[in-house]
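**Student:** let's see this in three dimensions:
(6 chains)
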Number of protein chains: 4
Amino acid sequence: MARGRKREYGKREKILQGALKIFSKNGFYKSKVSDIAKEAGVADGTIYLYFKNKDDILICIFEEKIGEIISILKDKLAGAGNPEEKIWVFVDNHLKLLEENPDLAEMLQVELRQSNKFMKEYIPVKFLEYLDILSDIITEGVQKGVFRNDINPTIARRIIFGALDEISLAWVLSKKGKYDIDESARQVYSIVVNGMKNRVLDS
Amino acid sequence: MARGRKREYGKREKILQGALKIFSKNGFYKSKVSDIAKEAGVADGTIYLYFKNKDDILICIFEEKIGEIISILKDKLAGAGNPEEKIWVFVDNHLKLLEENPDLAEMLQVELRQSNKFMKEYIPVKFLEYLDILSDIITEGVQKGVFRNDINPTIARRIIFGALDEISLAWVLSKKGKYDIDESARQVYSIVVNGMKNRVLDS
Amino acid sequence: MARGRKREYGKREKILQGALKIFSKNGFYKSKVSDIAKEAGVADGTIYLYFKNKDDILICIFEEKIGEIISILKDKLAGAGNPEEKIWVFVDNHLKLLEENPDLAEMLQVELRQSNKFMKEYIPVKFLEYLDILSDIITEGVQKGVFRNDINPTIARRIIFGALDEISLAWVLSKKGKYDIDESARQVYSIVVNGMKNRVLDS
Amino acid sequence: MARGRKREYGKREKILQGALKIFSKNGFYKSKVSDIAKEAGVADGTIYLYFKNKDDILICIFEEKIGEIISILKDKLAGAGNPEEKIWVFVDNHLKLLEENPDLAEMLQVELRQSNKFMKEYIPVKFLEYLDILSDIITEGVQKGVFRNDINPTIARRIIFGALDEISLAWVLSKKGKYDIDESARQVYSIVVNGMKNRVLDS
DNA sequence: TATGAATGAGACTTCATTCAT
DNA sequence: GATGAATGAAGTCTCATTCAT
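**Tutor:** Model prediction:
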C-alpha cells in the first residue's frame, strides 16, 4: 500500500481533482491551466512537473477514473449470477456512479468526445476495456442461450453504452433535476434485456 | 486595399458548407475562421457579413442541417404504417443519413455536445424537435398497445437516440470502415422494438 | 447664389453634417465611415465620391465650419468700435456659437487637437486665420495705447483662445449644464481685457 | 514556446515610460500595444500582467504623472507668500514642467482630451485635484482683497488653466522652437493677475 | 521540488476602401 | 452618379508553456 512520497502523489492527485472540476465546469478548451492550478492549490509551473501538457491531464483523468470505475464494476459483477443480472449491475452501476460524481459525468459526456477528436493519436485503452466487460456479458448470454444468437455483441454493447451515455448526458445537461436515475436504469435494463432475450427458451 | 469582388450568390451557403467541413475535421475550437473562409472561397471578413461570430456559424449549421433531416424524415414517416415500421424508418434514416454525410455526422457527434455547454444561452430547439418525433412514435405505440405501457417515452427516446448516436460515433471514429451501417440499423431496431414490445398481445 | 447641381452639393453637405454629428458623438477614431453614411442617408461608397478618405472628411469639416465662424465673426466685428469692444465680440461670439452648436463644439475641442497630430501634413490654415483676427485686435489695441505695449499679441491670442477653449471644453464635458456661458463670457472678457489694459492712460 | 526571462524589476514603470513615449509620438489610437512593449523592452503579453488593457495604461499614466506634478507643485507653493506669488509659482511650474517633459506635455495636451471622451466613465480625479489648487489660490486672493470679488474662482481657474494649456499645445505643436516658455509664463502671469487684481486697494 | 513572472505566437474580429453593377 | 457586398490587412488580447530563482 505504501506508495512512495506522499507529497508527490498528493499533488498529482490534487491537480487531477482540480482539473476534473474545472474541465467539467468550463469544458476542456475554455479551461485555463492557471485555473486548474488555483483550484489544486499549486503553482502553474508545478503542473508541468506532473503532466506533459494540458492534453495529458485530460488523458490521465480518463485513464484513472475509468480505471476506478472498472475496478468497482468488476467487484460488483463478481457477485452477480446470470447474464441478465450482470447487465443490471452494469447499467445500475454506470448510472449511479455518474449520479454520485456529476463532474466526472460531465467530463465523460462532453470532453471525452472532444478528446477522441483532437488527440487522434490517443487510443482510449481503458475505455475499450470498459466496453469489453459489456460485450463479454453479452457473449456469455448468447452462448448460454439467454440472448438471441443473432445479437452482435460488438454492436449491442455500443447500443447499451450509447443508451446509458445519452441518459447521462440528458441528466447532466438538464441540471440533474428532471430525470430520475432509478427509473432510467430500469427502463434501459428492461428494454435492452427484453430486446436481446431469446424467446424460444421462454416457452 | 480592398480588391476585386465577384458578386457571386449563395455565399452564406458556401460558408456553412466550408464550416461544416472544417469543424468536422478539426473540431470547433481548433477550427480557425480563416480556414473556413479559405474553404468557402471568401475573404475572412465576408464571414462576418453573414454571421455574428464563430459561435453563430455553429448554431446556424445545427439549425439548418437538423431542419433538413427533420424534413426528410417526416416525408418518409408519412409513408410508414404502424409504430414498429416508423421506428425502423427513424433508425434507418438516421444511420443512412449520417453515412452519406460523414462531415455532418462528425459534427453532430462532437460539437452538438459541446454546444449546449459553451453557449449556455443556446437551446437546441431543432434537436428537441427531432427527439419529439421519436417520442411521438413511442407514445403512439403505447397507446395502440403495441409497446408495453410501462415504457416511458421520454426516457425511451433517449435510449434509442443514444444507441444510434453511439453507433454513429463508433462508425465515425473507426474511420467509417469497421462498422456495417445496415447491420447496425437492424440490430438497433431489433433490440429496441423487441425490448418495448407488448408480449401480452402476442399470445 | 446659384451653385451648380443641387444633388451633388446636397449630398456633400449631408455627409459633412452626418460626419460632424458622428465625430462629435464618438470621436474621430471610434467613428465608422458606414455610420456617417447611414447618418447622411447615402451609401458607404458614395462618401468616396466626395472625399478622398476619412481624414479628408475631418479636414473639410474644419475648413468649412471655421470658415463659417470667421465669416460670421467678421460681420459682427464690422460693427464694433474700439479694441475692447472687439475683444468682447470675439469672446461672446465664440462661446455663443459653440453653445448653439454643441456638436461642433465637441469636435473642435477634441478632434482638432488630434488632427494636428495624426495628419502631420495638415496645417490648419483656417484655424490660424481665426487666431489672426484675435492678434490683429490685440495689436490694434497696443498701437492705440489701450493695451500695454509689453503685451505680446502672439502669446496673448493663445492665452485668450486657450481660456475660451477650456471654458468650452468644461462646458462640453459637463454635459452643458453646470456652466453658465454668459457668466463665463463676462469673466473671460473682464480678466483678459483688464489684464492687458494700459493703466497709465487711465490716470 | 515561451523563452527566457530576466526577472528585472520596475517593469511596470518601464511600460509606463514606454507608453508615454509612444502615445506622445503617435497619439493614443495610432499607438500599438506591441510598439509600447518593444519600447519598454518587454513581451506584448507582459503588459497585460500590469494593466487591464490599453485604456488602462493611459489612465495610469495620467494618475501617476499628474500625481507627481501635484506633489512637486505643493512643495513649491509651501514656500510662496501671497496669492499673486502663488499664481506665479503655478504658472511657472506648469510651463517649466512641460518644457522639461515634452512627451508628458504632448500627452496631456492631446490624449487627455480624447480620454475624457472615450472613457465616459473615467472621472479625472487627479486632474480636478490639480485644478482645485488653482481655485484655492484664487479664492484666497479674493478673500484677502487682492483679487476682485466679482471673480468666479471656478471659471477663473479654467481660464488660467486654459491659457497655460493652449500655450503648451502651441509649444508642443510648433516643435518646441518658436515659443519662448519664459516669456510665455510672464505674459500669462501678467495678464491674469492684472486681470483679476482689485484696483480699489491700489489707491 | 516548487514557484510564478514572463514569454510570444496566434486567433478573432473590425472597418476603411474598392469596384462591378 | 450611386450603390453596398466584398475585401484583407492589422490590432488587441489570451494563455499554454518555460525557466531563473
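**Student:** the spatially most central residue of chain A and A:Ile72, how far apart?
**Tutor:** By Cα atoms, centre = their mean, chain A has its centre lying nearest to A:Ile66, at 5.4 Å. Using Cβ to Cβ, to the nearest Å, A:Ile66 is found at 11 Å from A:Ile72. Heads up, the C-betas are built off the backbone N, CA and C, glycines and all.
**Student:** counting neighbours, what do you get for A:Lys14?
**Tutor:** For A:Lys14, the count of nearby residues is 17 (other Cβ atoms under 10 Å in any protein chain shown).
**Student:** how is it assigned, secondary-structure-wise?
**Tutor:** helix (DSSP: H, G, I helix; E, B strand; the rest coil).
**Student:** mind naming the longest helix for chain A?
**Tutor:** Looking across chain A with DSSP state H, the single longest helix is helix A:54-78.
**Student:** what residues are up against the residue nearest to the centre of chain A?
**Tutor:** A:Lys126, A:Phe127, A:Glu129, A:Tyr130 (Cβ atoms under 8 Å, 6 or more residues apart in numbering or on different chains).
**Student:** closest to chain B among those residues?
**Tutor:** For these, the minimum distance to chain B (Cβ to the nearest Cβ) is 11.1 Å, reached by A:Phe127.
**Student:** for A:Leu73, see how far away the closest residue to the closest one other than its chain neighbours is.
**Tutor:** Using Cβ to Cβ, 6 or more residues apart in numbering or on different chains and skipping the chain neighbours, the partner closest in space to A:Phe127 is A:Ile66 (5.8 Å). From A:Ile66 across to A:Leu73, the span is 10 Å (Cβ to Cβ).
**Student:** overlap of the contact sets of those two?
**Tutor:** Counting by Cβ under 8 Å, 6+ apart, the residues touching both A:Ile66 and A:Leu73 are A:Tyr130.
**Student:** how much space separates the closest residue in space to A:Ser31 that isn't next to it in sequence from DNA strand E?
**Tutor:** Nearest non-adjacent residue to A:Ser31, counting by Cβ to Cβ, 6+ apart: A:Ile22, 4.7 Å away. Distance of A:Ile22 to DNA strand E, given as Cβ to the nearest atom of the strand, to the nearest Å: 17 Å.
**Student:** thought A:Ile36 was touching A:Ile22, still the case?
**Tutor:** Yes. With contact defined as Cβ atoms under 8 Å, A:Ile22 and A:Ile36 form a contacting pair (5.0 Å).
**Student:** gap between the closest residue to chain C within chain A and A:Thr46?
**Tutor:** Going by Cβ to the nearest Cβ, chain C is nearest to A:Lys30 of chain A, at 30.0 Å. Applying Cβ to Cβ, the value for A:Lys30 to A:Thr46 is 22 Å.
**Student:** go on, A:Ile181?
**Tutor:** Applying Cβ to Cβ to A:Ile181 and A:Thr46 gives a distance of 37 Å.
**Student:** buried ones in the strand or helix carrying A:Glu85?
**Tutor:** Using DSSP states H and E, A:Glu85 sits in helix A:83-100. Buried residues in helix A:83-100, counted by 16 or more other Cβ atoms under 10 Å in any protein chain shown: A:83-84, A:86-95, A:97-99.
**Student:** follow-up on the earlier one: give me the buried subset of the contacts of A:Ile66.
**Tutor:** Buried members of these, counted by 16+ other Cβ under 10 Å: A:Lys126, A:Phe127, A:Tyr130.
**Student:** now, these that are in helices?
**Tutor:** Applying DSSP H to those, the entries found in helices are A:Lys126, A:Phe127, A:Tyr130.
**Student:** tell me the one of these nearest D:Ile155?
**Tutor:** Nearest to D:Ile155 among those: A:Phe127, at 77.5 Å, using Cβ to Cβ.
**Student:** wait, the closest one sits on A:Glu63?
**Tutor:** No. Counting by Cβ under 8 Å, A:Phe127 stays clear of A:Glu63, with 9.1 Å between them.
**Student:** which residues in chain A form helices?
**Tutor:** Remark: helices assigned in chain A by DSSP H are A:6-26, A:33-40, A:44-50, A:54-78, A:83-100, A:102-106, A:112-118, A:125-143, A:153-173, A:181-196, A:199-202.
**Student:** most packed of those helices?
**Tutor:** Mean neighbours per residue, mean count of other Cβ atoms under 10 Å in any protein chain shown, is largest over those for helix A:153-173, with a mean of 24.
**Student:** C-alpha coordinates for that helix, CSV please?
**Tutor:** In CSV, the C-alpha atoms belonging to helix A:153-173 read as follows (Å, rounded to 0.1, in the frame of the first residue of the first chain):
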residue,chain,number,x,y,z
PRO,A,153,-22.1,-8.3,-29.2
THR,A,154,-19.9,-5.6,-30.7
ILE,A,155,-22.9,-3.6,-31.9
ALA,A,156,-25.0,-4.4,-28.9
ARG,A,157,-22.5,-3.1,-26.5
ARG,A,158,-22.5,0.1,-28.3
ILE,A,159,-26.2,0.2,-28.2
ILE,A,160,-26.3,-0.3,-24.5
PHE,A,161,-23.5,2.1,-23.8
GLY,A,162,-25.0,4.7,-26.0
ALA,A,163,-28.3,4.4,-24.3
LEU,A,164,-26.6,4.9,-20.9
ASP,A,165,-24.5,7.7,-22.2
GLU,A,166,-27.4,9.6,-23.6
ILE,A,167,-29.4,9.2,-20.4
SER,A,168,-26.4,10.5,-18.5
LEU,A,169,-26.0,13.4,-20.9
ALA,A,170,-29.6,14.4,-20.7
TRP,A,171,-29.3,14.2,-16.9
VAL,A,172,-26.1,16.3,-16.8
LEU,A,173,-27.5,18.9,-19.2
